[in-house]
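Participant: structure for this input, please:
(chains A and B)
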Amino acid sequence: METGLLVQYIAIAIAAMASIAYVIFTQWPAATRRARIACALALMGSTRPAWMQRIGRRLAPAATNASTCGGCSSCD
Amino acid sequence: MSSTHVMRLALVGNPNCGKTALFNLLTGSRQKVANYAGVTVERKEGRLLAPSGRQYAVLDLPGAYSFHASSLDEAVTRDLCRGFYPGEPAPDVLVCVVDATNLRLHLRFALEVRSLGRPMVVAVNMMDAARRRGIEIDLDILQRELGVPVVPTVAVRRDGAHALVELIDALAPTAQAVAKPLEDHAPTQESLHEETRRLLTLAVSQPRRTAALDDTLDRWLLHPVIGLATLAVVMFLMFQAVYAWATPVMDLIEAGTGAFGEWVARVLPEGPLSSLLVEGVIAGLGGVIVFLPQIVVLFAFILALEETGYLPRAAFLLDRLMSKAGLSGRSFIPLLSSFACAIPGIMATRSIQDPRDRLATIMVAPLMTCSARLPVYALLIGAFIPRQQVGIFNLQGLVLFSLYAAGIASALAVSWVMKKWRRDTGEHALMLELPAYRMPHARDLLIGLWERVLIFLKRVGGIILALTILLWVLLTFPAPPEGATQAAIEYSFAGRIGHAMTSVFAPLGFNWQICIALIPGLAAREVAVSSLATVYALQAVDDAAATDALTPIISSEWTLAMALSLLVWFIYAPQCLSTLATIRRETQSWKQVAIATGYLFGLAYLASLVTYQVAVALGAG
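Facilitator: Purely as a prediction, here's the structure:
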């Protein structure tokens, strides 16, 4: 496969992955949040290496009140 | 009071007194929105940083007409003001916001708040509007008679709460000093009315001319026959204008996106990226953005009607009809909100006191024609309904009007069936505040329209763009096998899914392209339009054909029966996952979500089936 075509396919793959992430984050905000918390907790265990704990901290969603709107932005 | 104690202010008042505008003005973006524990009543708290450097916690309480609570919102406000709400400390100062243009109603509640004996300040809001209408309020007399500080505010002006902040800052160290001694017993309704009348006589002078004009207008506009006829004419004209005024701008946008697509196709080398941009993104998003002018015209009318004070009168006119159909008069505002989007409409049902009325309203709210349906309707009407006059009316506008009317009629019919199902014979009286008529401000209208435009563009650049890219991927991969005889799209994932779906949807007249468009349309209804645009662009024989507008393509490839069937499908189908999620959150029940989804899909399928088969039998297929 020639380089130009390869670059085009990589760009399309990045756009598709970003689109999937966007759709999941906006359509299932609460489930995404729960998944991020679960991953962060698994990565932030005291026995984990420091670099893994750093990733866990970055992955953890910001604290909010439990009963707030999930933020799908569909109503605005 | 220690210097580290953050004083808690609670904004309290009747609905629509400008409380939330004042809250926004005081707290800016320093807000935190949540729910009160155990109930779905919104709790808004923000921070106010006074010029003195003192910080205050400001709570925006739900609007209430009285402490004799008739809804969950009012009960929360009552308990919080009294300091009885579990987990919520009592506010240090109650800021009672009253509407200067409607003191007759708002002072009554201020007197009720005063009777609690808690530290209190009265903010007389909308002073600018009152002055414009010639209403004169002597704030000194009002302050003397009420026995609590009274300040003027204009919540929509940047420095409109200046006097209030200064007063609060001055009172902060001695907040208790502004408390009125607790009355021996709660005031009766009669004593509240009497005291309100006395205060109005002493401190307020109303211009006779304005009130007389309002009364004259109300005599006509609230008339059971003439009023309803006027409402029908207003709605009718609104939908006529959507077509008559928006078409020139739509043609411009359509030509612009077509030219842009051709330019991109010329500039980029042929390949998958060019196809994604031209046949996916530009064709897809261009197919949706072309309907922006129609959305602007529709919302210009709705905002203007809201600004003039006509909408609550429409609620009053329709109350009898709604109560016969098993809905409460309080359902009107949530259902009206659902014309923009069902989600705020469903959330607005929190103001409905009766749980069964509330559930009925939630269940029928998705039947109101939300703005996301407009691009779908506009596309199909533009393609199949000729642009011609019927008498003085535009035929396309007539069809759009009838689609909106069909949504309303269906909602009334469904709620009537629900009423019969639960054998409910009770009726709930409608208590409604009719604001004075006023000329809409051009600035407010423009701000409202600008917000709608931004919301639409945000959706186009967000969820619609993301789904269009994904659909293009599904329509392009995998590539056709060696020696394939059919079009490449037929071998794609989406092509195969679409063909599989036709076994269910063929009786409705849906081809595989429509079936494919229904799936991403579940995230946002408008995506159905961009999806159709992408599907047909990818099917096109060359680049020039790929940038063609969608309307002429479907008018040549579909039959009238198919278009009618799809229109009817979109009246009923719950093509919005966010709406279903909101029903779950508001009812706390998956059962209700299942009922809503089941009945809406069932209705959609049945109605589309009947429409298609009848249309085919009449020769439209």
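
Participant: against residue B:281, how distant is the closest residue to chain A within the stretch 151-300 of chain B?
Facilitator: Closest approach between the stretch 151-300 of chain B and chain A, counting by CB to the nearest CB: residue B:273, at 4.1 Å. To be clear about C-beta, it is placed using only N, CA and C from the backbone, and glycine gets the same treatment. According to CB to CB, to the nearest Å, residue B:273 stands 10 Å off from residue B:281.

Participant: kindly report the same for residue B:498.
Facilitator: In terms of CB to CB, residue B:498 sits 21 Å off from residue B:281.

Participant: okay, those two: which has more neighbours?
Facilitator: residue B:498 (26 against 19; other CB atoms under 10 Å in any protein chain shown).

Participant: quick check: that one touching residue B:516?
Facilitator: Yes. Using CB atoms under 8 Å, residue B:498 is in contact with residue B:516, at 4.0 Å.

Participant: got the contact list for the longest helix along chain A?
Facilitator: Ranked by number of residues, the top helix in chain A under DSSP state H is helix A:3-27. Applying CB atoms under 8 Å, 6 or more residues apart in numbering or on different chains, the external contacts of helix A:3-27 come out as A:1, A:32, A:72-74, B:269, B:271-273, B:276, B:462-463, B:465-467, B:469-470, B:473, B:523, B:577-578.

Participant: what's the ChimeraX syntax to select whichever of these are buried?
Facilitator: Of these, the buried ones can be selected in ChimeraX as follows, counting by 16 or more other CB atoms under 10 Å in any protein chain shown:
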select /A:32,72,73,74 /B:272,273,276,463,465,466,467,469,470,473,523,578
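
Participant: can you classify the residue of chain B positioned farthest from its centre as helix, strand or coil?
Facilitator: With distances taken as CA atoms, centre = their mean, the residue sitting farthest from the centre of chain B turns out to be residue B:483, at 53.1 Å. Of the three states, residue B:483 takes coil under DSSP: H, G, I helix; E, B strand; the rest coil.

Participant: what residues are up against residue B:127?
Facilitator: Counting by CB under 8 Å, 6+ apart, residue B:127 makes contact with B:100, B:137, B:152, B:153, B:154.

Participant: swap the cut-off to 6 Å and go again
Facilitator: B:100, B:152, B:154 (CB atoms under 6 Å, 6 or more residues apart in numbering or on different chains).

Participant: can I have the buried ones of the residues you listed as a ChimeraX selection?
Facilitator: Here is the ChimeraX command that selects the buried residues among the contacts of residue B:127 (16+ other CB under 10 Å):
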select /B:100,152,154
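
Participant: show me where the stretch 451-600 of chain B has helices.
Facilitator: B:465-476, B:493-505, B:512-518, B:527-539, B:543-546, B:550-557, B:560-572, B:577-587, B:590-617 (DSSP state H, counting those that start in this stretch).

Participant: nearest to residue B:291 among those helices would be which one?
Facilitator: Checking the helices of the stretch 451-600 of chain B against residue B:291 by CB to CB gives helix B:527-539 as the closest, at 7.7 Å.

Participant: which other helices and strands does that closest one contact?
Facilitator: helix B:283-289, helix B:374-384, helix B:465-476, helix B:512-518 (3 or more CB pairs under 6 Å, 6 or more residues apart in numbering or on different chains; DSSP states H and E).
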